[in-house]
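Q: A structural model of the following input is requested.
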Amino acid sequence: MTAAENVCYTLINVTSDSEPPSEVSLKTDLEKGEIKAKTEALKKVIIMILNGEKLPGLLMTIIRFVLPLQDHTIKKLLLVFWEIVPKTTPDGKLLQEMILVCDAYRKDLQHPNEFIRGSTLRFLCKLKESELLEPLMPAIRACLEHRHSYVRRNAVLAIYTIYRNFEHLIPDAPELIHDFLVNEKDASCKRNAFMMLIHADQDRALDYLSTCIDQVHTFGDILQLVIVELIYKVCHANPSERARFIRCIYNLLQSSSPAVKYEAAGTLVTLSSAPTAIKAAAQCYIDLIIKESDNNVKLIVLDRLIELKEHPTHERVLQDLVMDILRVLSTPDLEVRKKTLQLSLDLVSSRNVEELVIVLKKEVIKTNNVTEHEDTDKYRQLLVRTLHSCSVRFPDMAANVIPVLMEFLSDTNEAAAADVLEFVREAIQRFDNLRPLIIEKMLEVFHAIKTVKIYRGALWILGEYCSTKEDIQSVMTEVRRSLGEIPIVENEIKKETGELKPEDEVSAAPAQKLVTEMGTYVTQSALSSSRPSKKDEDRPPLRGFLMDGDFFVAASLATTLTKVALRYVSIVQDKKKQNSFVAEAMLIMVTVLHLGKSSLPKKPITDDDVDRISLCLKVLSECSPLMNDIFNKECRRSLSHMLTVRLEEEKLSQKKESEKRNVTVQADDPISFMQLTAKNEMASKEDQFQLSLLAAMGNTQRKEAADPLASKLNKVTQLTGFSDPVYAEAYVHVNQYDIVLDVLVVNQTSDTLQNCTLELATLGDLKLVEKPSPLTLAPHDFANIKANVKVASTENGIIFGNIVYDVSGAASDRNCVVLSDIHIDIMDYIQPASCTDAEFRQMWAEFEWENKVTVNTNIIDLNEYLQHILKSTNMKCLTPEKALSGFCGFMAANLYARSIFGEDALANVSIEKPIHLGPEAPVSGHIRIRAKSQGMALSLGDKINLSQKKSNI
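A: Residues are numbered from 1 along each chain as shown. Okay, here's the model as predicted:
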């Protein structure tokens, strides 16, 4: 075992700017100084030894002048000193002086002060020399009967480590500890003793547990945790024991300690798949989520619930607990609420959908009463989407949901209102029986809509689905009410000149309803500040949008008016009424056109909007059957087609998900025997405690690596040349937030290399945790040095450095070998993720860093190139397969991924096949990458550049 791999018990911070003192001055301080001077000198000695100094001359000085002192600080420092000081001669024999040290510690083990006894026992756990421990065994045994629990519990740990490392020194340790455990009353001592029996003699541990299995719920939480671990291990190794201990686990679910409840629930799920067991465990998880205040704990326990749901047989049990799961929504954290809603939506069934909808409706109404906050808006959006999904899957619920949600169309938060509008659009198209209700509610809230985007959507819905004479008249009334008096230009000029007072203004709607919400839409500039603000406040909403120069809503209005006018003509037979309605619609369009061309609005009307309104005027003047068909049938057909495609996609993704979860066993599948199963084949049969420990230490093997050795070799980087005096290569092991460099250093010379040090530096968002300690390499010897690097964000990092060493016996300066750079691959941190089109567009608009990469490849097929990019960047394609299928010479696709640090990466691929250059011409085009941070955008661009050049097709 190399020095770098030795187990570390003590970490000491060293100030890098301090000068190392001389051995003579240290010796003087240790011999003749006061207690304070001796303490400082001892600290310096410890630091120097940690830095590789040997200082053999000070050993006897410390034994003579420092070891006999009774000062507690010095005693603590001496424990560290004896832990790190070399205790053997170069040929491996124990130093003679250590016998004196051994005698001093025998006295400390009999010291009247319990702290000194306990800390000495802790120190003995770290000793690896059996010759030093042997004389101390009687004193260690005696400490088991000390009056103070601190001494007793450390005595148990000392006996455990000595038994594990040198069994011959205390062969009867399990029996001794079992007897100690039976008579012990202190919880921490019992926990340590029981833990030792689990690892040293499991049968004795089980014997003890069976004697007190009914009292387990009265034990302290630290002992209960160890009992859960034992039961898991026993049942894991011997499934026939499950019936004996499962009642005990049930009892521990009622423990007062959250940690015990969590572990007991996890153990119960692995031991039994009975519905009662799953329900008890799930109920325990839900209670933990509600009672624990820490959001991280809530998220971890929610993940465990989601894991339970993945099992097909457990899903039905969890469906009965949906209402309990919804109690978690009382948590203010958005991420917890998001996961809870997703889980509830996955578990919803026809049995509980009604209750779910009632709870969600209450939550939506609650968000209206809460003071406005960014998370409140996002939470409302989540609730709207969840209700939307429920209504699509269970159409009977839509009638209950729609009236509540329609109130939010007048919300100032555009995102939530847009979600409601999308839901209403889908509902009105799918459910014919709900159309009258939706139209009625839409007309009620129409005048209160505050944002122009929602106004446009509401106009479209009213124009498309108003089919009765009364509804069409109501739409026209609402439009006139929103526009104010027409013609607009004359009316506005009269207002400006003061000929018309605001209160004299006549409009189609009742006057009192023209006040309140209207004021927010017209921003008053410094130039117009002299005018009374009352004029702006009295301006109706649609006129406000138009005066602000937003004429896209005018184009939408023209289309709506054309649709309702054409429908009115087909419904009403009276020619006079027909002409009157069409004339009114044309008058509104003309007055809007006139306003757009005048200088009154802040921005003039665009040519596109002029063309659209002119087209609508032409259609109404001619009323041809073809145009009637296009306006009143084709629009709805397009929406219907879009919704059908989306529903098919959802069903397909759900089908894939359920296929993944349903474990099907074919007739000719091999049967797995537990005794013959390889470790990586049956994850469910692996020791969960061991797996979680490995995950915490970062030693988990990735399951996708078919051959672990082959994948390891891919990550080996050669750092020096074969002809260099020191050859080095590094294996780069990437954990979530840190990188472990395992560097192999080989001395290729015939000289002994002293103080061989690996010096590293980093570029990018990387930070070296600790400086690797120096080594001495014999001729043609090799050693492994490990270095930890912390990662703070997703960008390409570079680790560079050199190896410096002294040649023994040479008078020259230190030698240096420069190492090749190690490039950290960004792909280790990027994972595919998905988001909605609206979220993608929003992020695309918000993110300020863009990197445009020109396609430069020899792949000749568009789809093949896209798949190649997806594979090499770990991104997910958001564009549906149907949109990408077929061949038309060009392709556009949106890609999305998220890093483990929560950073988003967006990409838009626009590629084409230059057909004029022949069938073998490579794909050309651009990939635009957008990210919040510059590093992410540049790193992803570099990755795409590298990977598209590497491909050999």
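
Q: So which bits of stretch 918-936 are buried?
A: Within stretch 918-936, the residues that count as buried by 16 or more other Cβ atoms under 10 Å are 922-925, 927-933, 935-936. Where you see a C-beta, it was placed from the backbone N, CA and C, and this is true even at glycine.

Q: got it, and stretch 828-836?
A: 828, 829, 830, 835.

Q: Dump it to PDB, restricted to CA.
A: The C-alpha coordinates for stretch 828-836 follow below in PDB (Å, rounded to 0.1, in the frame of the first residue of the first chain):
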ATOM      1  CA  ASP A 828     -19.600  13.600 -17.900                       C
ATOM      2  CA  TYR A 829     -21.900  16.400 -16.500                       C
ATOM      3  CA  ILE A 830     -24.500  16.700 -19.200                       C
ATOM      4  CA  GLN A 831     -27.700  14.600 -19.100                       C
ATOM      5  CA  PRO A 832     -30.600  14.500 -21.600                       C
ATOM      6  CA  ALA A 833     -33.700  16.300 -20.300                       C
ATOM      7  CA  SER A 834     -37.000  17.500 -21.700                       C
ATOM      8  CA  CYS A 835     -39.100  20.700 -21.500                       C
ATOM      9  CA  THR A 836     -42.100  22.100 -23.300                       C
END
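
Q: which outside residues touch it?
A: With contacts defined as Cβ atoms under 8 Å, 6 or more residues apart in numbering, stretch 828-836 is touched by 734, 791, 794, 843, 873-876, 878, 896-901, 904-905, 940.

Q: out of these, which are inside helices?
A: 843, 873, 940 (DSSP state H).

Q: Report the beta-bridge partners for the closest residue to the last one other than its chain neighbours.
A: So the one you mean is residue 940. Excluding the flanking residues, the one nearest residue 940 by Cβ to Cβ, 6 or more residues apart in numbering is residue 929, at 5.1 Å. Taking DSSP bridges as the rule, residue 929 bridges to residue 851, residue 907.

Q: okay, residue 929: pLDDT?
A: On pLDDT, residue 929 comes in at 92.

Q: again with residue 501
A: 51.

Q: How about the one 3 residues further on?
A: Residue 504 is assigned a predicted lDDT (pLDDT) of 44.

Q: again with the one 3 residues further on
A: Note on residue 507: pLDDT of 38.

Q: Next: residue 163.
A: For residue 163, pLDDT reads 90.

Q: if I look at it, how far off is residue 149?
A: As judged by Cβ to Cβ, to the nearest Å, residue 163 and residue 149 stand 21 Å apart.

Q: Which of the two has more residues huddled nearby?
A: residue 163 (22 against 17; other Cβ atoms under 10 Å).

Q: Identify the residue nearest that one in space, chain neighbours excluded?
A: With Cβ to Cβ, 6+ apart, the residue lying closest to residue 163 is residue 173, at 3.9 Å.

Q: which residues does that neighbour contact?
A: 159, 160, 162, 163, 167, 196, 200.

Q: Kindly report the same for residue 425.
A: Per Cβ under 8 Å, 6+ apart, neighbours of residue 425: 457, 461, 639.

Q: rounded to a whole number, what's the mean pLDDT of the helix or strand where it lies?
A: Using DSSP states H and E, residue 425 sits in helix 414-430. The average of the pLDDT scores along helix 414-430 is 79.

Q: and the direction of the helix or strand that comes right after it versus that of helix 414-430, what angle?
A: Using DSSP H and E, the helix or strand that follows helix 414-430 in sequence is helix 435-445. On the basis of axes from the mean of the first three to the mean of the last three Cα atoms, to 10 degrees, helix 435-445 is oriented at 150 degrees to helix 414-430.

Q: Helix 435-445 - what's its average pLDDT?
A: 83.

Q: Report the distance from it to the chain centre.
A: In this view, helix 435-445 has its centroid 41 Å away from the chain centroid, taken as Cα atoms, centre = their mean, to the nearest Å.

Q: Likewise for stretch 723-734?
A: Taking Cα atoms, centre = their mean, one finds the center of stretch 723-734 at 34 Å from the center of the full chain.

Q: Next, the buried residues of it.
A: Counting neighbours by 16+ other Cβ under 10 Å, stretch 723-734 gives 724, 725, 726, 727, 728, 729, 730, 731, 732, 733, 734 as buried.

Q: how much space between residue 898 and residue 792?
A: Counting by Cβ to Cβ, the gap from residue 898 to residue 792 is 16 Å.

Q: which of the two has more neighbours?
A: Legend: neighbour count by other Cβ under 10 Å for residue 898 and residue 792, higher for residue 898 (20 against 12).

Q: From residue 828, how far off is the more buried one?
A: 14 Å.

Q: Kindly report the same for residue 437.
A: Plainly put, residue 437 is 53 Å away from residue 828 if you go by Cβ to Cβ.

Q: how long is stretch 231-243 end to end?
A: 11 Å (Cα to Cα, to the nearest Å).

Q: and it, what's its mean pLDDT?
A: 78.

Q: oh, and call the first residue 16 from now on, that's how I've got it
A: Let's use 16 as the start, then, which means that last one is stretch 246-258.

Q: how far does it sit from the chain's center?
A: Distance of stretch 246-258 from the chain centroid (Cα atoms, centre = their mean) equals 34 Å.

Q: can you pull the buried residues of that stretch?
A: Applying 16+ other Cβ under 10 Å to stretch 246-258 flags 246, 247, 248, 249, 250, 251 as buried.

Q: do stretch 433-452 as well
A: Neighbour-count burial for stretch 433-452 [16+ other Cβ under 10 Å]: 433-436, 438-444, 446, 449-450, 452.

Q: which one of these is nearest residue 399?
A: residue 434 (4.4 Å; Cβ to Cβ).

Q: got the ones in helices among the contacts of stretch 843-851 as a markdown table, with neighbour count and pLDDT columns?
A: Listed next are the ones in helices among the contacts of stretch 843-851 as a markdown table, based on neighbours: other Cβ atoms under 10 Å; pLDDT from 0 to 100:
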| residue | neighbour count | pLDDT |
| --- | --- | --- |
| 858 | 17 | 89 |
| 888 | 22 | 86 |
| 955 | 31 | 86 |
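
Q: Residue 868: which of those is nearest?
A: Comparing those against residue 868 with Cβ to Cβ places residue 955 closest, at 8.7 Å.

Q: pLDDT weak spots in the stretch 316-465 of the chain?
A: Along the stretch 316-465 of the chain, segments meeting pLDDT under 70 span 384-389, 428.

Q: How are the strands of it distributed by residue range?
A: Read by DSSP state E, counting those that start in this stretch, the stretch 316-465 of the chain holds no strands at all.

Q: now, the most widely separated pair of the contacts of residue 188?
A: 182 and 211 (13.0 Å).

Q: between the two, which one's more packed in?
A: The neighbour comparison of residue 182 against residue 211 (other Cβ under 10 Å) goes to residue 211, with 26 against 11.

Q: isn't the residue nearest to residue 955 right up against residue 862?
A: No - with contact defined as Cβ atoms under 8 Å, residue 944 does not reach residue 862; the gap is 9.5 Å.

Q: between these two, what contacts are shared?
A: Common neighbours of residue 944 and residue 862 (Cβ under 8 Å, 6+ apart) are residue 921.

Q: ok, the buried residues of stretch 246-258 vs residue 583, which is closest?
A: residue 247 (74.4 Å).

Q: Now that closest one: which helix or strand?
A: Residue-wise, residue 247 maps onto helix 236-252 under DSSP H and E.

Q: Which elements pack onto that helix?
A: helix 202-215, helix 217-226, helix 257-267, helix 273-286, helix 703-712 (3 or more Cβ pairs under 8 Å, 6 or more residues apart in numbering; DSSP states H and E).

Q: Apply 7 Å and report the result again.
A: helix 202-215, helix 217-226, helix 257-267, helix 273-286 (3 or more Cβ pairs under 7 Å, 6 or more residues apart in numbering; DSSP states H and E).

Q: quick one: it to helix 202-215, angle?
A: Going by the same axes, to 10 degrees, helix 236-252 makes 20 degrees with helix 202-215.
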